[in-house]
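Trainee: What would the 3D arrangement of this be:
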Amino acid sequence: MRTALITGGTAGIGAAFARRFARDGLALVLVARDRDRLASSAEELTETFGVPVEVLPADLATEEGIAAVEARLGDEKHPVDVLVNNAGFGFRRGFLEVPLADELTMLKVHVEAVLRLTRAAVAGMRTRGKGYVVNVASVAAFVPRGSYGASKAWVVQFTQGTDRDLAGTGVRLQALCPGFVHTEFHDRAGMDMSSTKEWMWLDADYVVQESLRDLARGKSVSIPSRRYKAAVAAARKAPLAALGMAARGFGRNR
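Mentor: Numbers count the residues shown, from 1 in each chain. Here you go, the predicted structure:
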């Protein structure tokens, strides 16, 4: 039985990946901070899909949390075939209004944890000649919007570069870049999204479906939905000043 490890696996896009993989018969390792929610999610997935679910409480904003997940990914007796780096968060306020310690915590989760967990997973995958890593980024990666967008831009560049480095090994990487998704992300950040048009929202299960479809096609970057593909294409051609204005509309999303 193949095994998928998902960080932030109890809510939003992470939970959608867990449901999809469980439906497809994969064993799961769910990583999150909330022990009770992990236990509840594991019980529900096992009862619904009949797959084994391992829980790993870990805070990826800490050294101990990252090291614990690295150790699980490096367990050769219980290999992980699919890694989804989904854990992340954003801020309601602008860069100069957010405490520096909070900004550094975000970089710990979005950058350091993604780098270290990808490396830990890929080492064994390359030896076995197969494996997949999905690093959840955002369309915010393509517009200038403070440290959140910058961290997601790093995820995209890192993922594409590492995917090229691993060409021919049987290991593939993808940066998943959704727009606005119906999850807990914005509520947790205290963001008022009432003015966001309904057509801009995506469903988490749809995002996962598109990610896996693009992964099967060998795409190292997945941008779910035609409207966001068009938005990113336009952003890549737009002047920097225009991008800055557009970023106010969708620069904080997940």
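Trainee: mind exporting the longest helix anywhere in the chain as PDB, just the C-alpha atoms?
Mentor: Longest helix in the chain, counting residues (DSSP state H): helix 146-165. What follows is helix 146-165, C-alpha atoms only, in PDB (Å, rounded to 0.1, in the frame of the first residue of the first chain):
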ATOM      1  CA  GLY A 146       4.700  41.500   0.700                       C
ATOM      2  CA  SER A 147       6.300  38.500   2.400                       C
ATOM      3  CA  TYR A 148       3.400  36.100   1.800                       C
ATOM      4  CA  GLY A 149       3.600  36.400  -2.000                       C
ATOM      5  CA  ALA A 150       7.400  36.400  -1.800                       C
ATOM      6  CA  SER A 151       7.400  33.100   0.200                       C
ATOM      7  CA  LYS A 152       5.100  31.500  -2.300                       C
ATOM      8  CA  ALA A 153       7.200  32.700  -5.200                       C
ATOM      9  CA  TRP A 154      10.100  31.000  -3.500                       C
ATOM     10  CA  VAL A 155       8.000  27.800  -3.300                       C
ATOM     11  CA  VAL A 156       7.300  27.900  -7.100                       C
ATOM     12  CA  GLN A 157      10.900  28.600  -8.100                       C
ATOM     13  CA  PHE A 158      12.300  26.000  -5.600                       C
ATOM     14  CA  THR A 159       9.800  23.300  -6.800                       C
ATOM     15  CA  GLN A 160      10.400  23.900 -10.500                       C
ATOM     16  CA  GLY A 161      14.200  23.900 -10.100                       C
ATOM     17  CA  THR A 162      14.200  20.700  -8.000                       C
ATOM     18  CA  ASP A 163      11.800  19.000 -10.400                       C
ATOM     19  CA  ARG A 164      14.300  19.700 -13.200                       C
ATOM     20  CA  ASP A 165      17.200  18.400 -11.100                       C
END
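Trainee: ok, how many other residues are close to Val102?
Mentor: Let me fix one detail, which is that residue 102 is Asp and not Val. Counted with other Cβ atoms under 10 Å, residues neighbouring Asp102 total 13. Where C-beta positions appear, they are placed from N, C-alpha and C, glycine not excepted.
Trainee: do the same with Ala87
Mentor: 25.
Trainee: Show the pLDDT at it.
Mentor: At Ala87, the model reports a pLDDT of 96.
Trainee: So it sits against Ala11, correct?
Mentor: No: counting by Cβ atoms under 8 Å, Ala11 is not a contact partner of Ala87; they are 10.1 Å apart.
Trainee: picking up where we left off before, what's the longest helix of the chain packed up against?
Mentor: Judged by 3 or more Cβ pairs under 8 Å, 6 or more residues apart in numbering; DSSP states H and E, helix 146-165 is in contact with helix 100-107, helix 113-128, strand 131-136, strand 171-176, strand 221-222.
Trainee: looking at the ones you listed, which is closest to Phe21?
Mentor: When the helices and strands packed on helix 146-165 are compared by Cβ to Cβ, strand 131-136 sits nearest Phe21, at 10.7 Å.
Trainee: okay, the angle between the closest one and strand 171-176?
Mentor: 10 degrees (axes from the mean of the first three to the mean of the last three Cα atoms, to 10 degrees).
Trainee: buried sites along strand 131-136?
Mentor: Buried residues in strand 131-136, counting neighbours by 16 or more other Cβ atoms under 10 Å, are found at Gly131, Tyr132, Val133, Val134, Asn135, Val136.
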